[in-house]
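>>> coords please:
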Amino acid sequence: MKMIHKILPMKPQSLAVFRQYLATIIGCFSFSITGYAAGWPSPTLIKMRNHETPVMLNVDQISWMVSLMYLGHLISPFPSGMIMDRIGRKRANLLLAFLPLVSWSLISFTSSVVCLYIARLIAGMWAGANSTIMPIYIGEIADPKLRSSLMTFNHLMRNFGVLLVYMVGPYISYSMLAVSCMTLTVLFILMFSFMPESPYYLIMKNRDKEAYKSLNWLRGGKGKPHVDEEMEKIKSSIKMQLQEKGSIIDVLYNKGNRKALIISEVYAISKRLTGAGVLQAYVSITLPALTFGFFRPNDCVIILGLVSLFSAIASVLLAVHFNRRFLISFSSTGCGITMVLVSLWFYLNSYTDIDVKSYSDLLFVSFIIYNATFSLGLGPVGTSVKGELFPANVKAMCSSFTTVLVAITSFILNKFFLIIAQYFGMHVNFLIYALSCLFTIVFTLMYVPETQGKTLEEIQQILQGVKQHPKKSGDENLQKKG
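Predicted structure coming up:
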């Protein structure tokens, strides 16, 4: 890192921004591994249809293959939460990165249906662990003014992983597709090893010298007055938060914790109930054989992946200028409208005499708009809120609980997508997604406070219902200079 500073000499403030973005991007590279696994079924199902895989599956087996990743997601959050509180956020992520290595090894070197199931289960265990730990890490290393932007990177990097598997999947073999993700995992381990541990965690463990070193690096080497002041604030906050034991009783009977839990759980469920994870897995077999007369499903999923990626990049910039309530409401509105259109098309196609096949391009257009709007708000915020809402004494437990709830929702949706389509009609799936979008808008406007630009301590006060005092003009001037 010293070498980077010599090549790119910067003022402490600019260096602090650079280092926080660097640590966030490298840390969130772990979500690319998850995205690769989530998007992997899309090109793989087409290979299976063309008899290009060593394993052939029927409809029921396909639904298990896709959904077992989310069942694995259910297993790991609570152990991961305990591990990250025991050995640290950074070390926990590095330790658990062996899971995707095992998963992709099984896929690459075996041809058994059972081994494929086990591999997908293990991939889900990594997704659950990473989703529990990394948002906490990012929330704890981030400056309050940068946090809204930094915490969108988990969704951005997950989309990068999805896009990558969409782009390379159709053009390399089944085994090489697995090997390519093993390479991504090794790359993450090597890069993240050089990043600092969370200063919050180090202070919790009374490792003040290491915490000072970590915080000073993240803040661009500002030195003692600035770093000491921030460390004292963190110490005071953690001391107050750790006075309570951190049991489920403390969550349910504490007003702020209870509100944080409700917000986190509702967003966790809503994000999945809008259909994002299901579409990543099944979109290639949902679209018609040709779109606009020449786009094949493989071409369409690459375009959708590009739209998601660029939209996620835009969300990083928009998060600085627009508050989260607006972004989530706007995002949910766009997703809801497109899901209504898709549901209507499938209903008219299956249950009426109206010929809508000539309008099948509407599906692809709707999915493009859906991916774009989802990645602007609901996608990044739905995952990241747990990184800033919970106090230190319940953070690991509540983050784990949220991840478990995401896993349960995702497992049910992915397992029953094809079954619902077969027995009730494809339109029912998309109608469920549309109704979830409507609920998310109402919930956001009626219940969720705005946390943009707030410190973790201020967020706790807002959730507890403590009135915020207006900042003094001197503080405002400092912020403007910052």
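>>> ok, how many other residues are close to residue 357?
For residue 357, the count of nearby residues is 9 (other CB atoms under 10 Å). (Each C-beta comes from the backbone N, C-alpha and C, glycine too.)
>>> sorry, that was for residue 466
For residue 466, using other CB under 10 Å, the count is 11.
>>> now do it against residue 168, distance only.
51 Å (CB to CB, to the nearest Å).
>>> residue 153 now?
22 Å.
>>> who's more crowded, these two?
Between residue 153 and residue 168, counting by other CB under 10 Å, residue 153 is the more crowded of the two (27 against 16).
>>> what about the residue nearest to the more buried one when sequence neighbours are not counted, distance to residue 92?
Nearest residue to residue 153 in three dimensions, chain neighbours excluded: residue 28, at 4.3 Å (CB to CB, 6 or more residues apart in numbering). Between residue 28 and residue 92 the computed distance is 15 Å (CB to CB).
>>> which segments of this structure make up each domain?
The chain resolves into domains spanning 14-195, 249-466 when parsed by the TED database.
>>> ok, the residue nearest to residue 153 touching residue 134?
Yes - between residue 28 and residue 134 there is a contact at 6.6 Å, judged by CB atoms under 8 Å.
>>> need the residues touching each of the two.
Shared contacts of residue 28 and residue 134 (CB atoms under 8 Å, 6 or more residues apart in numbering): residue 154.
>>> of those two, give the one with the bigger neighbour count.
residue 134 (30 against 26).
>>> the bottom helix or strand of the chain by mean pLDDT?
helix 473-481 (a mean of 42; mean pLDDT, DSSP states H and E).
>>> where do the helices sit along the stretch 151-300 of the chain?
Assigned by DSSP state H, counting those that start in this stretch, the helices in the stretch 151-300 of the chain fall at 153-168, 174-192, 199-204, 208-218, 224-241, 248-253, 255-273, 276-286, 297-321.
>>> reformat the ones you listed as TSV; add distance to residue 147 and mean pLDDT.
What follows is the helices of the stretch 151-300 of the chain, written out as TSV (distance: least, CB to CB, whole Å; pLDDT from 0 to 100):
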stretch	distance to residue 147	mean pLDDT
helix 153-168	11	88
helix 174-192	20	92
helix 199-204	13	92
helix 208-218	12	92
helix 224-241	14	82
helix 248-253	22	74
helix 255-273	15	86
helix 276-286	23	79
helix 297-321	9	85
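>>> residue 143 is nearest to which of the ones you listed?
Closest to residue 143 of those, according to CB to CB: helix 208-218, at 8.0 Å.
>>> what comes up buried for that closest one?
For helix 208-218, the neighbour count (16 or more other CB atoms under 10 Å) marks 210, 211, 212, 213, 214, 215, 216, 217, 218 as buried.
>>> distance to residue 34 added to these, as TSV?
As requested, those are exported to TSV (distance: CB to CB, whole Å):
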residue	distance to residue 34
210	29
211	29
212	33
213	30
214	25
215	28
216	31
217	27
218	24
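>>> which of the residues you listed lies closest to residue 40?
Distance to residue 40 across the buried residues of helix 208-218 (CB to CB) is lowest for residue 218, with 34.0 Å.
>>> wait, doesn't the closest one sit right on residue 199?
Yes - applying CB under 8 Å as the test, residue 218 and residue 199 come out as touching, 7.1 Å apart.
>>> list residues touching both of these two?
residue 141.
>>> how about the helices in the stretch 301-450 of the chain?
With DSSP H, counting those that start in this stretch as the criterion, the stretch 301-450 of the chain has helices at 324-351, 361-376, 378-384, 386-389, 395-423, 426-447.
>>> no more questions from me, cheers.
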